[in-house]
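Undergrad: Sharing a model prediction with you, sequence too.
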Amino acid sequence: MTIGWNDNTPIYRQLKERVIGMMLDGVLKAGDALPSVRQVAAEYQLNPITVSKAYQELVDDNLVEKRRGIGMYVTEGASEKLLASERERFMREEWPAMVERMRRLGLNIEELLRAAQAGDSTPRGAA
């Protein structure tokens, strides 16, 4: 599997976000082991220090715990904690911009909901 890294964000942060995404998607669940630092470094051709930094941030955020001699494991409640913080961040940072864009485009929430339910990506009157 090839991963394209974004030059605008440090790789350790991108790696951390990928692990967080796996937790939110249910790929990594409470009690699951993360791949070893060496394994990730070798697979994605990264410096092990970069991988360690990403993992340490996950530990600092209490999403992952170190078990001496055996590895890193997803903590109980990590997914719920992430979901709550991501929802809060979305509402604080992303939603206001979306509401403003909807207002500018003359879209209303009912049109968007109908389009979403119909599986259509373009609300009526928007195309």
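TA: It's in.
Undergrad: C-alpha only now, for contacts and for neighbours.
TA: Noted.
Undergrad: neighbours of residue 105, just the number please.
TA: 10 (other CA atoms under 10 Å).
Undergrad: isn't residue 44 right up against residue 4?
TA: No. Residue 44 is beyond contact range of residue 4, at 9.7 Å (criterion: CA atoms under 8 Å).
Undergrad: Going along the chain, name the helices of this structure.
TA: 11-24, 37-44, 48-60, 78-89, 95-105, 109-118 (DSSP state H).
Undergrad: I'd like these written out as JSON lines, with distance to residue 30 added.
TA: Below are those laid out as JSON lines (distance: least, CA to CA, whole Å):
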{"stretch": "helix 11-24", "distance to residue 30": "9"}
{"stretch": "helix 37-44", "distance to residue 30": "19"}
{"stretch": "helix 48-60", "distance to residue 30": "13"}
{"stretch": "helix 78-89", "distance to residue 30": "7"}
{"stretch": "helix 95-105", "distance to residue 30": "29"}
{"stretch": "helix 109-118", "distance to residue 30": "31"}
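Undergrad: And those helices: which comes nearest residue 31?
TA: helix 78-89 (9.9 Å; CA to CA).
Undergrad: how far off helix 11-24 does the closest one point, in degrees?
TA: Relative orientation of helix 78-89 versus helix 11-24 (axes from the mean of the first three to the mean of the last three CA atoms, to 10 degrees): 110 degrees.
Undergrad: I'd like the numbering to begin with 137 instead of 1 from here.
TA: Sure, I'll start counting at 137 from here, so that last one is helix 214-225.
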